[in-house]
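**Q** 3D model of this:
(one chain, ligands or ions: 4)
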Amino acid sequence: MRLFFVFTLLLASACSDKGRVDDTQDDPQDADGDGILAADDCDDRDPAVGGEEVIYDGVDNDCDPSTLDDDLDGDGVVFAADCDDGDPSVWLPSEEHAGALSSGFNDFCAGYCERRLGGDLDLNRATPEDVASLSCLVSVGGDVLLNNNNALTSLAGLDGLAVVEGDVTINNNALTSLAGLEGLSAVGGQLMLERNRALESLAGLSGLSTVGGRFVLTSNGALESLSGLGGLSSVGESVTVDGNGALLSLAGLEGLIDVGEQLIIANNPALTSLAGLEGVSSVGGGLWIDNNDALTSLAGAESLSTSAGGLFVYDNDALTSLVGLERLTSVSGGLYVFNSVSLTSLSGLDGLTSVEWSLSIFENDALTSLSGLEALSTLDGDLEIRDNNNLCEDEVDALAAQLTLFSGLLYNVNNTGTCPS
Ligand SMILES: [Ca+2]
Ligand SMILES: [Ca+2]
Ligand SMILES: [Ca+2]
Ligand SMILES: [Ca+2]
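**A** Ligands and ions are numbered 1, 2, ... in the order given. Predicted coordinates for the structure are as follows:
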């Protein structure tokens, strides 16, 4: 509206220039001295009037009441009081509606350009038409709830929603996309996208930059990529990507830098690498990589330098090494690598110097070497290396001997591989 207003002023000014002359007292061609010649001045006795209509100046400049000065949309509300003077369907000032909204959606935006909701937005019984009527909604003070409402096939209409202070929970087998949420930039609580069987794209979350609580993405069977999450930089608590059967890649998470607690990548059978995690340099509550049976490498985790809360790598049946973790220098909370049937070495841990708590490597049937741990010097816990059928026990003793600080116990048990003679 403001642009339109300025444009109109410029246009009016340009149009009226043609009739203006230098102010000259007592000039019969411009009796009121307003610079508009009598021929172009609808009232040459009144210097406040004349020329083209200028909107919102309180004057009927062109002496024609049919060219409006104010209330251009004719809704009876003047510009100064009208939230949009170009739209007669809205005029009310922005306000907060206390409490929740779970029905009567059609009335919520009646008369409003913008409206905030103090409580929950409950979409559990909403229709696409209901959601489409929420164009005025800019923030939700409570939670956004969508559970098992398969009649809701679209979130289009929520385009104005920028902030949800509580949780966003979406669990729906009819949505194929989250289109309509592009304006959402911050979720204060948890973002839970669970069991959305038809969801193919997260492109609707392209405006999202922060999640204050947990970000959980589980059991979305049709989701092949995380494209659309490129603006997400910070998650205050954990990030969980679990049980997404078609997920091929974590590409789309490149903007993620801060993970306050755990980062869990688990049970994604089609995932082949960690590409997409290039921005994550530390995790605050541990990194879990487990049960991703197509995962052949940890490439993508190259920025990770510290993992507080532990590192857990297990049950990834195709993983042959830990290549990708080269920049990891310290782990607090323990480092666990177990039951990885294809793992032949620990290559990738070459930068690791310190583990606070235990280092446990067990039941890796293909592991023939501990090479990769050459830089490890500090272990503030136990060294538990056991039940690796193809590992020579002498390698374990050599690792223990290499440590300059070792405060725990050594468990070198059932490493029954043949030792070089
Ligand atoms: Ca005049
Ligand atoms: Ca006017
Ligand atoms: Ca109006
Ligand atoms: Ca209006």
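**Q** does the residue in the stretch 1-150 of the chain that ligand 2 sits nearest to count as helix, strand or coil?
**A** The stretch 1-150 of the chain approaches ligand 2 most closely through residue 69 (3.7 Å), counting by Cβ to the ion. Where C-beta positions appear, they are placed from N, C-alpha and C, glycine not excepted. Assigned by DSSP: H, G, I helix; E, B strand; the rest coil, the conformation of residue 69 is coil.
**Q** how near is it to residue 91?
**A** From residue 69 across to residue 91, the span is 17 Å (Cβ to Cβ, to the nearest Å).
**Q** gap between the residue of the stretch 1-150 of the chain closest to ligand 2 and residue 80?
**A** Taking Cβ to Cβ, one finds residue 69 at 12 Å from residue 80.
**Q** so what's residue 363 up against?
**A** Contact analysis of residue 363 by Cβ atoms under 8 Å, 6 or more residues apart in numbering lists 338-339, 386-388.
**Q** go with 6 Å
**A** Going by Cβ atoms under 6 Å, 6 or more residues apart in numbering, residue 363 touches 338-339, 387.
**Q** and residue 220, how far is that from residue 322?
**A** Distance, residue 220 to residue 322, using Cβ to Cβ: 28 Å.
**Q** would you list the phi and psi of residue 397?
**A** With angles defined as degrees, to the nearest 10, residue 397 sits at phi -60, psi -40.
**Q** do a quick rundown of the strands in the stretch 251-400 of the chain.
**A** With strands called from DSSP state E, counting those that start in this stretch, the stretch 251-400 of the chain shows them at 258-259, 263-266, 282-283, 287-290, 306-308, 311-314, 330-332, 335-338, 354-356, 359-362, 378-380, 383-386.
**Q** tell me how far the first one lies from the chain's centre.
**A** Looking back up the chat, that one is strand 258-259. 12 Å (Cα atoms, centre = their mean, to the nearest Å).
**Q** can you list the neighbours in contact with that strand?
**A** Strand 258-259 is contacted from outside by 234-235, 239, 283, using Cβ under 6 Å, 6+ apart.
**Q** using CSV, lay out those residues together with distance to ligand 2.
**A** Shown next, in CSV, are the contacts of strand 258-259 (distance: Cβ to the ion, whole Å):
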residue, distance to ligand 2
234, 50
235, 53
239, 57
283, 62
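**Q** wait, which of these is closest to ligand 4?
**A** For these, the minimum distance to ligand 4 (Cβ to the ion) is 38.5 Å, reached by residue 234.
**Q** how close does the residue nearest to the closest one when sequence neighbours are not counted get to residue 364?
**A** Nearest residue to residue 234 in three dimensions, chain neighbours excluded: residue 258, at 4.3 Å (Cβ to Cβ, 6 or more residues apart in numbering). Relative to residue 364, residue 258 is positioned 32 Å away (Cβ to Cβ).
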